[in-house]
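from the sequence below, what's the structure:
(2 chains)
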Number of protein chains: 2
Amino acid sequence: MSPDDSFRRHRAIDVRIPRETSSDPHTPLGAGPEFDAIRRMLERWGPRARRVGDDAAVIRSISEHPIVVSTDTSVENVHFHRDWLSSEEIGYRATAAALSDLAAMGARPLGIVVSLTVPGSWRSEFDGLTDGIGNAAASVGASILGGDTTRGSELSLTITVLGTAHTVLLRSSAKPGDNVYVTGRLGGPLAALRDLQSGRNPSAENRQRFVAPVPRIEEAVWLGENGATSAIDISDGLAAELGHLAAASRVRITVRLENLPVVEGSSPLDAAGSGEEYELVVTSPSAIDTREFAKKFNLELTKIGDVASGAGVVMTLNGEPAALPPGYLHFTE
Amino acid sequence: MSPDDSFRRHRAIDVRIPRETSSDPHTPLGAGPEFDAIRRMLERWGPRARRVGDDAAVIRSISEHPIVVSTDTSVENVHFHRDWLSSEEIGYRATAAALSDLAAMGARPLGIVVSLTVPGSWRSEFDGLTDGIGNAAASVGASILGGDTTRGSELSLTITVLGTAHTVLLRSSAKPGDNVYVTGRLGGPLAALRDLQSGRNPSAENRQRFVAPVPRIEEAVWLGENGATSAIDISDGLAAELGHLAAASRVRITVRLENLPVVEGSSPLDAAGSGEEYELVVTSPSAIDTREFAKKFNLELTKIGDVASGAGVVMTLNGEPAALPPGYLHFTE
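Residues are numbered from 1 along each chain as shown, chains lettered A, B, ... in the order given. Now for the predicted structure:
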């Protein structure tokens, strides 16, 4: 990349045409260093990006299902530290975090649009960032539709995700009497963050949970097909997300913390305050077959509480009211 | 905004439901300073933003036409200087520039998604930025679908735009024999930029062209309905954009610079190198009624050249080959 890049190249996709039938995957680009940078990105992304090169991407959806769109920005020293993550991990993590919002809506990805602000000191890491973005997109079958790259004084990644949902899972659909479930085991990212902040090496498992979150796309679609009516993904910590869900649905949510599935070495309180988990919380009026879910996705699904009329979140630990200590959130706070 | 905001709130729209029928326009938000900031933005945006508050926006399009998506980032000291523009102008300009990409595709806006990175030194300008974004969106009837806001060390605005197009105008559709047209008069932004860089006051007209670009949305739709088959918007300067168009369509474009419509005081060469115009260049196999266009939109449409087989851009001035001096581009380069 040259220091004065400012480009935006987009892709036109037509989901009616199989990928293999297109002989020229992209719109031919003009000359210049900015286009050399795009060509380099496209080369690294390979078939993950296609028909880039116009003013905007065109999505000719054959689906009658709603389109879902969300955007998520990751900024150096706000959302990540250079010392903690490789450039590929930074790209992967920013992209996976954005894609997790599609899971929270019960949507499968159509594709992503990538905006990168890259300072001179990061230029040598451009390929790593590119690879991480491409790998995260590929992990859930999302195409790269296009984007914009510019210089700036701090590294910043804004990933906009588009998807379609058969069953849209809103935050506002929880009803009194619903069951509350969470996917996976919580606490890993907070444990990793504490270790990193203290100069210790996190366990491999906790580090993986922190650097490579998994957007629970197929899990969310299955949950929507099997009774779930509302969902949210855990970016700010379980307790905070339950608060958002309760506010949006105008209900009270009660959680028994002793039922929380936690990673080894994590307490229930830690797990409830651990951010950037990107696991899902869903509510369902009917009981969901957690065993079938676990078998299908090799991932736990645990009932952790109930929805009642009222407002707010009530957490108990072994029958006693529990409150999270302040400051139990994630790196961005 | 608190210094540690990091939120994302989105809107669900259903274009089948008239706006007036919704009694509660947004999903209820939880407590906390970040949500206070969102509430403040939503209050300022009023009916321009609706159903914000979920993990993602939901677009239930009744249209069978393709969805078009593009993203555009504006960074302080790369795309604008604080001394030159008010905060409202910065928000307006970034949003209008992004929306111009919809025009370049012949698309009408569905809505925009806003990602803001706001340093502490800009926090007092938050309302102005919000207003500018809202006003630019409203200028073309685009709803604000949601977004993400975070702190950071430099002000950055990433505006992602979504639209639908009946007739998609690609860069790659120009054919030998086509006519080449441009909307409006060129040269204003470059003249304003030169004045600003030299510490002079630009003329009111030139300043307006620089700070408040007009996305030519309805003009583009009309052009698509009246014969235009390819289009590009002028962000990097006419000469550069013609190069992109020629490369994408694998054609040669010839332009007679003496035919360029220029603002008062601008030379044809200046006008051909003036960036951030956000006027449209279109090609059409048939002649377009420029008089009807001018009458309908109170804006000039001028035939400036032709498409031939071959490659690249040939510009002549009074019959002699003309070349732009280097450095004739826009602020970002």
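
going by C-alpha atoms from here, please, whenever you check contacts or count neighbours.
Noted.

A:Asp55 contacts B:Ile232, doesn't it?
Yes. Distance between A:Asp55 and B:Ile232: 6.9 Å, which falls inside the contact criterion (C-alpha atoms under 8 Å).

so, low pLDDT: which residues of the stretch 1-150 of chain A?
A:1-24, A:31, A:33, A:50, A:61-63 (pLDDT under 70).

need the contact list for A:Thr167.
A:Gly106, A:Ala107, A:Val221, A:Gly224, A:Glu225 (C-alpha atoms under 8 Å, 6 or more residues apart in numbering or on different chains).

what helix or strand is A:Ala246 located in?
Per DSSP states H and E, A:Ala246 falls inside helix A:238-249.

what segments of chain A are strands?
Secondary structure of chain A (DSSP state E): strands at A:6-14, A:52-54, A:57-60, A:67-75, A:108-117, A:143-150, A:156-164, A:179-183, A:230-233, A:252-256, A:280-284, A:301-308, A:312-317, A:320-321.

which helices and strands sit right next to the biggest helix by length in chain A?
In chain A, assigned by DSSP state H, the helix with the most residues is helix A:87-104. For helix A:87-104, the packing partners by 3 or more C-alpha pairs under 8 Å, 6 or more residues apart in numbering or on different chains; DSSP states H and E come out as strand A:67-75, strand A:108-117, helix A:126-139, strand A:156-164, helix A:204-211, helix A:217-225, strand A:230-233.

right, and those - which one's nearest chain B?
With C-alpha to the nearest C-alpha as the measure, strand A:67-75 is the member of the helices and strands packed on helix A:87-104 nearest chain B (4.5 Å).

each with direction, which strands does the closest one pair with?
Strand pairing for strand A:67-75, determined by DSSP bridges: strand A:156-164 (antiparallel), strand B:57-60 (antiparallel).

most packed of the ones you listed?
strand A:156-164 (a mean of 27; mean count of other C-alpha atoms under 10 Å in any protein chain shown).

can you tell me what sits against it?
So strand A:156-164 is in contact with A:63, A:65-76, A:91, A:94-95, A:98-99, A:102, A:107-118, B:115, B:158, B:160, going by C-alpha under 8 Å, 6+ apart.

now with 7 Å?
The contact list for strand A:156-164 (C-alpha atoms under 7 Å, 6 or more residues apart in numbering or on different chains) reads A:65-76, A:94-95, A:98-99, A:102, A:107-118.

what's the answer for stretch A:126-138, then?
Residues from elsewhere that reach stretch A:126-138 (C-alpha under 7 Å, 6+ apart): A:41, A:44-45, A:48, A:87-92, A:95-96, A:143.

out of those residues, who has the most neighbours?
A:Thr95 (32 neighbours; other C-alpha atoms under 10 Å in any protein chain shown).

so what's that residue up against?
Counted by C-alpha under 7 Å, 6+ apart, A:Thr95 has contacts A:Ile133, A:Ala136, A:Ala137, A:Ile159.

how close does it sit to chain B?
Applying C-alpha to the nearest C-alpha, to the nearest Å, the value for A:Thr95 to chain B is 14 Å.

could you do A:Ala37 as well?
Relative to chain B, and taking C-alpha to the nearest C-alpha, A:Ala37 is found at 15 Å.

burial of that residue, as a residue count?
As a burial measure, A:Ala37 scores 18 neighbours (other C-alpha under 10 Å).

kindly report the same for the one 10 residues further on.
Other residues within reach of A:Pro47 by the criterion other C-alpha under 10 Å amount to 16.

go on, A:Lys296?
Using other C-alpha under 10 Å: A:Lys296 sits among 12 other residues.

distance of it from A:Leu223?
11 Å (C-alpha to C-alpha, to the nearest Å).

A:Glu258 now?
Distance from A:Glu258 to A:Leu223, by C-alpha to C-alpha: 23 Å.

so the two - more neighbours on which side?
Using other C-alpha under 10 Å as the criterion, A:Glu258 and A:Leu223 rank with A:Leu223 on top: 23 against 16.

just to revisit the earlier point, for the contacts of A:Thr167, work out which two are farthest apart.
Greatest spatial distance among these (C-alpha to C-alpha): A:Ala107 and A:Glu225, at 11.6 Å.

who's more crowded, the two?
A:Ala107 (31 against 13).

dump the residue contacts of A:Gly91.
Residues near A:Gly91 by C-alpha under 7 Å, 6+ apart: A:Leu129, A:Thr130, A:Gly132, A:Ile133.

most neighbours, which of the residues you listed?
In those, the most neighbours by other C-alpha under 10 Å go to A:Ile133, 28 neighbours.

how many neighbours does the closest residue to chain B within the stretch 151-300 of chain A have?
Residue nearest to chain B within the stretch 151-300 of chain A: A:Ala248 (4.5 Å; C-alpha to the nearest C-alpha). For A:Ala248, the count of nearby residues is 22 (other C-alpha under 10 Å).

got the contact list for it?
Going by C-alpha under 7 Å, 6+ apart, A:Ala248 touches A:Arg171, A:Ser172, B:Thr27, B:Pro28, B:Leu29.

so how far is A:Leu269 from it?
Relative to A:Leu269, and taking C-alpha to C-alpha, A:Ala248 is found at 24 Å.

over to A:Gly111?
Separation of A:Gly111 from A:Leu269 (C-alpha to C-alpha): 36 Å.

which one of the two has more residues nearby?
A:Gly111 (26 against 22).

contacts for stretch A:293-309?
So stretch A:293-309 is contacted by A:175-184, A:251-256, A:259-260, A:290 (C-alpha under 7 Å, 6+ apart).

now it: buried residues?
Using 16 or more other C-alpha atoms under 10 Å in any protein chain shown as the test for burial, stretch A:293-309 gives A:Phe293, A:Ala294, A:Glu300, A:Leu301, A:Thr302, A:Lys303, A:Ile304, A:Gly305, A:Asp306, A:Val307, A:Ala308.

the last one and chain B, how far apart?
I take that to be A:Ala308. In terms of C-alpha to the nearest C-alpha, A:Ala308 sits 17 Å off from chain B.

who's that residue bridged to?
A:Arg252.

list the contacts for A:Met115?
For residue A:115 the amino acid is Ser, not Met. Residues in contact with A:Ser115 (C-alpha under 7 Å, 6+ apart) are A:Gly147, A:Asp148, A:Thr149, A:Leu157, A:Thr158, A:Ile159, B:Thr73.

beta partners for the last one?
Using DSSP bridges, the beta-bridge partners of B:Thr73 come out as B:Thr158.

of the helices and strands packed on helix A:87-104, flag the one that's most buried.
For these, the largest average neighbour count (mean count of other C-alpha under 10 Å) is found in strand A:230-233, namely a mean of 30.

neighbouring contacts of that strand?
Residues outside strand A:230-233 that contact it (C-alpha under 7 Å, 6+ apart): A:100-101, A:104-105, A:169-174, A:241, A:278-283, B:55.

try it again at 8 Å.
Here strand A:230-233 makes contact (C-alpha under 8 Å, 6+ apart) with A:100-101, A:103-106, A:169-174, A:241, A:245, A:278-284, B:55.
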